[in-house]
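S.K.: dropping a prediction and its sequence here:
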Amino acid sequence: MLATPAAEEFNALKEALAQALRRSDALAGELRMVRAERDLLQERLKQSMRKLFAARSEAGSAQQRDLFFNEAEALGAASEPAASDGREDDTQEVRAHQRVPRGRKPLDAALPREVVRHELPESERVCPHDGAALVEIGVETSELLDIIPQQVRVIRHERVKYACPCCDGGLRLASKPAQIIPKGLFSEGLLAWVIASKYCDGLPLYRQTALLARFGGDLARNTLAASVVRVGREVQPIINVLRDHLLDSPLIHGDETHVQVLKETGKSAQSKSYMWVQTTPCSGVQGAGPPIRLFGYAPSRSTAAAQILYAGVREGSVLMTDGYAVYDAIAQTHGLVHLGCWAHCRRGFHEALQALPKNARGPEQLAARFLALIAQLYAVESRAREHRLPPKELLDQRQQHSVPVLGQIEALLLANVHAVLPGSLLGKALHYLASQWTKLALYVTDGAYPIDNNACENSIRPFVIGRRNWLFSDTVAGAQASANLYSLLQTCAANGVDGYAYLRALLSALPMAKTADDYEALLPWRIELPSR
């Protein structure tokens, strides 16, 4: 039966409608993709803007921000001189506890004192009532903190020559102490000051040369830089002993950060090299020994570079790192217990929440729910630190309080990991949590295991702050010297040892050290420092 014109027209219209619907569906799908890409780009833009201009801390309040702008007023109002005589009337009610107002902090008793006496003139030491001579009955004291600016001086060594007056064979010359840099221009004290100023205070060498010039020390920056690099090389035996102690520790924290080296074979000046950081805990782990902070330079962030730094690590020890995959290979190769970092995990959810508009950051948001649960994990750790619980008691607390919270986090993760756009900040945070879950949950099995890698990240902070000032290393030798010197000074800081005093003592004693025991005696927690 032949189709009528009306039927043909109807079929054509039907086909056109079907094509239009297909085109509409395709455009709708394309629009969804474009909107998703737009949202991702907006999210990344906001994240970049926050990194550039927002506060670096992951926690803060408006009151804290105001304090930075009104510091003089706030601190001035709160710092009025006061002294407590211990009476109950001097207490103030502060929420759930009472606080006794503190007086001015006394000046360090170990500081040298210069006494300036103020006496009445002879003509005024007469009693206005009966004319009798006044006698001293005591003094009223007050103290001011003063500073003596840097004094640049020259130490002139005179080696006395001796000769026999009766013959030509009795010539003798007095010896002088060996120097860390033979025939060098700088004393151990100056070298220690320059190194501590750069690596503790972040003061670049060009600023130091200008500062020294103001006090008469007109030095070339290149000469100073070469001396610092030489010292960094000469302390290598001490670094080797520290590394032996670190690799024998039952717990090691690991992390890395980038550094720019201008003159490196096979690499452009703009390319990134890396400073790897390894630390041991300050306390709480049996057999860990004194805390150690080691920096190691490597041209890359590869597994091969990491294998060199972890070669010789004790089998079965614990490694705490972030989720960088190279550390998985290290743990597998050396049979290490590998822990994940909850602070790094939390950071992902914090960034996802901060990417939302302020009026949308409510507790019902998925990122906020994860943050609230992670906060409960940290509350257990905070209470344990407050009460100084030993590892066994901390383990009991974790099993009782942290394990149920981990169960809630895992359930929330499984319910949402496939429902969020993978490329979004929240999607990345969920993916990180899922990929690291086994390592993240492991810390509750031992009270000596840390919950995060913050100890190591805090050790990197002085390097990152210093990098903002000196920006780059000129040569590989300079980067390696910086790694050694940062290692010494950060290990000093971790052990409560003054970095300048340690360096001064070390550089004086190191030329005489010959044996392993000699080098062991020069470690920051063993060396004998002169009293201040």
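M.R.: Yes, it's here.
S.K.: quick one: low-confidence parts of the stretch 351-500 of the chain?
M.R.: Counting by pLDDT under 70, the low-confidence segments of the stretch 351-500 of the chain come to 468-472.
S.K.: let's go with 80 and repeat that
M.R.: Residue ranges of the stretch 351-500 of the chain with pLDDT under 80: 465-474.
S.K.: ok, which stretches of it are strands?
M.R.: Using DSSP state E, counting those that start in this stretch, the strands of the stretch 351-500 of the chain run over residues 473-475.
S.K.: so how far is residue 31 from residue 291?
M.R.: Distance of residue 291 to residue 31, computed by C-beta to C-beta, to the nearest Å: 56 Å. To be clear about C-beta, it is placed using only N, CA and C from the backbone, and glycine gets the same treatment.
S.K.: which one of those two is surrounded by more residues?
M.R.: residue 291 (22 against 10; other C-beta atoms under 10 Å).
S.K.: ok, the more buried one - contacts?
M.R.: The contact partners of residue 291, by C-beta atoms under 8 Å, 6 or more residues apart in numbering, come to 279-282, 491, 494-495.
S.K.: weed out the non-buried ones from those residues.
M.R.: Buried members of the contacts of residue 291, scored by 16 or more other C-beta atoms under 10 Å, are 279-281, 491, 494-495.
S.K.: as a markdown table, the residues you listed with distance to residue 229 would be great.
M.R.: Output for the buried ones among the contacts of residue 291, formatted as a markdown table (distance: C-beta to C-beta, whole Å):
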| residue | distance to residue 229 |
| --- | --- |
| 279 | 24 |
| 280 | 27 |
| 281 | 31 |
| 491 | 20 |
| 494 | 24 |
| 495 | 25 |
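S.K.: now do the strands in this protein.
M.R.: 92-94, 97-99, 161-162, 172-173, 251-259, 261-263, 273-279, 293-298, 318-320, 337-339, 473-475 (DSSP state E).
S.K.: report the buried residues of the last one.
M.R.: Along strand 473-475, the positions that meet the burial threshold by neighbour count (16+ other C-beta under 10 Å) are 473-474.
S.K.: packing partners of that strand?
M.R.: Packing contacts for strand 473-475, counted by 3 or more C-beta pairs under 8 Å, 6 or more residues apart in numbering; DSSP states H and E, involve strand 261-263.
S.K.: over to the fifth one?
M.R.: Helices and strands touching strand 251-259, by 3+ C-beta pairs under 8 Å, 6+ apart, are strand 273-279, strand 318-320, helix 454-470.
S.K.: the ones you listed: which one's closest to residue 205?
M.R.: Residue 205 lies closest to helix 454-470 among the helices and strands packed on strand 251-259, at 7.6 Å (C-beta to C-beta).
S.K.: so which bits of that closest one are buried?
M.R.: 455-457, 459-460, 462-463, 466-467, 470.
S.K.: circling back: now distance to residue 377 too, for the strands of the chain, in CSV please.
M.R.: What follows is the strands of the chain, written out as CSV (distance: least, C-beta to C-beta, whole Å):
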stretch, distance to residue 377
strand 92-94, 28
strand 97-99, 26
strand 161-162, 73
strand 172-173, 69
strand 251-259, 18
strand 261-263, 39
strand 273-279, 22
strand 293-298, 26
strand 318-320, 15
strand 337-339, 14
strand 473-475, 39
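S.K.: least confident of these, on average?
M.R.: Averaged per stretch, pLDDT over these is lowest on strand 92-94, reaching a mean of 48.
S.K.: for the nearest residue to residue 511 once chain neighbours are set aside, give its distance to residue 416.
M.R.: Distances taken as C-beta to C-beta, 6 or more residues apart in numbering put residue 178 closest to residue 511, at 3.7 Å, once the chain neighbours are dropped. From residue 178 over to residue 416 the distance is 66 Å, taken as C-beta to C-beta.
S.K.: got it, and residue 162?
M.R.: 87 Å.
S.K.: which one's more surrounded, these two?
M.R.: residue 416 (15 against 9).
S.K.: surely the more buried one and residue 430 touch.
M.R.: Yes: using C-beta atoms under 8 Å, residue 416 is in contact with residue 430, at 6.4 Å.
S.K.: OK, contacts around residue 293?
M.R.: Residue 293 touches 277-279, 459, 486-487, 490-491, 493-494, counting by C-beta under 8 Å, 6+ apart.
S.K.: recalculate using a threshold of 10 Å.
M.R.: Neighbouring residues of residue 293 by C-beta atoms under 10 Å, 6 or more residues apart in numbering: 242, 246, 253, 277-280, 455-456, 458-460, 462, 486-495.
S.K.: chain neighbours aside, what residue packs nearest to it?
M.R.: residue 490 (3.7 Å).
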